[in-house]
Each structure stands twice: as C-alpha cells, then as structure tokens.
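Asker: my questions are about this predicted structure, shown below with the sequence.
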Amino acid sequence: MKGYLILDFSINDFGRFKEYIDKIPEYIEKHGGRYIVQGSQPEIMEGDWSPERVVVLEFPSTSKAKEFLEDPDAQGLFSIRHNATTSKLILAEGC
C-alpha cells in the first residue's frame, strides 16, 4: 500500500525555508517519493480546519515514507522546516 505524508503548514521565515524548498526534493526522490500537492493554498470546503498551505507526498509504502522522515542526511533540512514554519504532519496509508 502506498504511503502519503500530508503536511499542513504556515511559513514564518521564508528566507530560512527557501533552503528546505530547494534541497528536500532530492531526499523525497531518494526514497521513491513524489509530490502530489506542492505547497498549494487550499480552499476550505467543510469544517474548521484552515491550513495556510498543504503538501501531499506519495511514497511506494508507509515504510518508505518513514525511511524518508528518518533519513539522517535530511535531519538538518527537517530542522529548518521546524524552525521556519508552523506545521502538522500525518502519515496515511493508501487504498
């Protein structure tokens, strides 16, 4: 089953976040992932969830998505995202 990482975020420091934007695709690809949605501004259709921006990444499996998140070489970039944005991240298994 495919694994999907869904990121809900707002950017607090674009200057710092730019490095993450430029370098993270290499790590996504390294783990077999690809962008399904890349930083789009969503249209709220129901409920009180109001993310500023959303990213959806598709991986061949949930284990590959977890390998991406645990990649020691990407931890510095994740630190940049954590410090330059306010974010929430979930992993969902596809059908």
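Answerer: Great, that's in hand.
Asker: per-residue pLDDT, residue 1?
Answerer: With respect to pLDDT, residue 1 has a value of 94.
Asker: go on, the one 4 residues further on?
Answerer: According to the prediction, residue 5 has pLDDT 98.
Asker: using the three-state scheme, assign it.
Answerer: strand (DSSP: H, G, I helix; E, B strand; the rest coil).
Asker: could you measure from it over to residue 51?
Answerer: For residue 5, the distance to residue 51 equals 14 Å [CB to CB, to the nearest Å]. The C-beta positions use only the backbone N, C-alpha and C, and glycine is treated the same way.
Asker: if you count surrounding residues, which of these two has more?
Answerer: Applying other CB atoms under 10 Å to residue 5 and residue 51 shows that residue 5 carries more neighbours, namely 21 against 17.
Asker: what's next to the lengthiest helix in the chain, contact-wise?
Answerer: Longest helix of the chain, by residue count under DSSP state H: helix 14-30. By CB atoms under 8 Å, 6 or more residues apart in numbering, the residues outside helix 14-30 that reach it are 11, 34-35, 39, 57, 68, 71, 73-74, 77, 80-81, 83-85.
Asker: same thing but 7 Å
Answerer: Contacts with helix 14-30, where a contact means CB atoms under 7 Å, 6 or more residues apart in numbering, come from 11, 34, 57, 68, 71, 74, 77, 80, 81, 83, 84, 85.
Asker: buried subset of the residues you listed?
Answerer: 11, 57, 68, 74, 77, 80, 81, 84, 85 (16 or more other CB atoms under 10 Å).
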